[in-house]
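> Could you work out the structure for the sequence below:
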Amino acid sequence: MAGGLVALLDDVAALARAAAASIDDVGAAAARASVKATGVVVDDTAVTPRYVQGLDPKRELPIIKKIAKGSIRNKLLFILPAIMLLSQFLPWLLMPVLMVGGAYLSYEGAEKLWEALRGGHEEESNADKSEAEITGGAIRTDFILSAEIMVISLKEVEDEPFLSRLAILIVVALLITVLVYGVVALIVKMDDVGLHLTQKPGRGAQRLGSTLVHGMPKVLSVLSTVGIAAMLWVGGHILLIGLDDVGWHWPYAQVHHLEESVHDATGALGSVLGWLTNTLGSALVGLVVGAVIVAALHVIPRRNSKVAEGAAH
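Presented below is the predicted three-dimensional model:
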């Protein structure tokens, strides 16, 4: 009896060690996969603050919380099941689906840029929108960025067994969401932190608080611009990689060749300048594709409408 109990305890201990090792493996793989998606995480962090810019400070954190919950739903309820099924049964379909998302991001970035350049027809401010409108727009954009994050992460662990892939991607989804929206919440509330510091004794704290109060609106404005650029960059990069993946290698080859040329010609700064070259090339592709879609959806119909009105008169 005692011997059987000892053997059972040994088995339980062995299973516990195996489970712990498995958890460690999942954590390590999730960390590797998350690192691969760092570029998109940065984009997501840059894009999101513009959705709460200009709002009553009391609305900021509740809206960020709603967007974060929507992001978790996007990742766990929609994107994860879809990409797991596709990776298992139709892996070739993942890239075309992602390319549709890239085209949408390019359109979003180009549309924001077009609206800014038009002048006199400013987009409705966030202060005039309902929370449902703000969160809906943010969650739709998050869906595309989240899809790319999850697909990039999936590619990093595609050789793992199905259940391991699933566990790793769940960890990635939770980790990335907490990271992105934690940083976003910190960014948008820094002016409140600054206001609190201005009321503290001591010139150092008051000076830092004043800097934060006056500086954060400018930081948010810059982030809004970075968010538009990020949409074009990420959208264009998805399209370049996708075209290369489906067999049209020329566009990606040109950008990659230019990146390598800059890298080789600029010595110690080669890595940074090469990356910037690739980024600018991707953004240009995103801008061209986005501009074509904007023209098809907005410019051409509007001109046709004006022509029709003129003919009627």
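> Enumerate every residue touching Gly215.
Gly194 (Cβ atoms under 8 Å, 6 or more residues apart in numbering). Quick note: C-beta positions are derived from backbone N, CA and C, even for glycine.
> could you check the distance from it over to Ser221?
Going from Gly215 to Ser221 by Cβ to Cβ, to the nearest Å gives 11 Å.
> shouldn't Gly70 be in contact with Ile139?
Yes - counting by Cβ atoms under 8 Å, Gly70 does reach Ile139; the two are 3.7 Å apart.
> ranges for the helices of the stretch 101-250 of the chain?
For the stretch 101-250 of the chain, the helices defined by DSSP state H, counting those that start in this stretch occupy 131-156, 162-198, 203-246, 250-265.
> okay, now Leu175: neighbour count?
Other residues within reach of Leu175, judged by other Cβ atoms under 10 Å, total 17.
> and it, what pLDDT?
pLDDT, Leu175: 87.
> same question, Asn278
Reported pLDDT for Asn278: 91.
> Count the neighbours of it for me.
21.
> Identify the residue spatially nearest to it, adjacent ones excluded.
Spatially, and ignoring its direct neighbours in sequence, Asn278 is nearest to Glu259 (4.4 Å; Cβ to Cβ, 6 or more residues apart in numbering).
> In this structure that neighbour contacts Gly270, no?
No - counting by Cβ under 8 Å, Glu259 sits too far from Gly270 to count as a contact (9.8 Å).
> now the strands for the stretch 1-150 of the chain?
In the stretch 1-150 of the chain, no strands are found when defined by DSSP state E, counting those that start in this stretch.
> And the nearest residue to Ser271 once chain neighbours are set aside, how close does it get to His256?
In this structure, Ser271 finds its nearest non-sequential neighbour in His263, 6.7 Å apart by Cβ to Cβ, 6+ apart. According to Cβ to Cβ, His263 and His256 sit 10 Å apart.
> ditto for Ile152
From Ile152 to His256 the distance is 18 Å (Cβ to Cβ).
> Just list the residues touching the residue nearest to Asn278, thanks.
By Cβ under 8 Å, 6+ apart, Glu259 lies in contact with Gly274, Trp275, Thr277, Asn278, Gly281.
> Return the distance of it relative to Leu243.
For Glu259, the distance to Leu243 equals 16 Å [Cβ to Cβ].
> before we move on, what about Gly209?
Shown here: Gly209 relative to Leu243, a distance of 50 Å by Cβ to Cβ.
> Check Leu287 too.
As judged by Cβ to Cβ, Leu287 and Leu243 stand 16 Å apart.
> More neighbours: the two, which one.
Taking neighbours as other Cβ under 10 Å, Leu287 and Leu243 compare with Leu287 leading, 21 against 18.
> okay but that one is in contact with Gly235, surely?
No - using Cβ under 8 Å, Leu287 makes no contact with Gly235, being 9.0 Å away.
> any common contacting residues for these two?
Shared contacts of Leu287 and Gly235, counting by Cβ under 8 Å, 6+ apart, come down to Ser106, Gly109.
> Could you work out the end-to-end span of stretch 189-208 for me?
Distance between the two ends of stretch 189-208: 15 Å, counting by Cα to Cα, to the nearest Å.
> oh sorry, the question was meant for stretch 293-300
10 Å.
> Now do that stretch: distance to the chain's middle.
A distance of 25 Å separates the centroid of the chain from that of stretch 293-300, by Cα atoms, centre = their mean, to the nearest Å.
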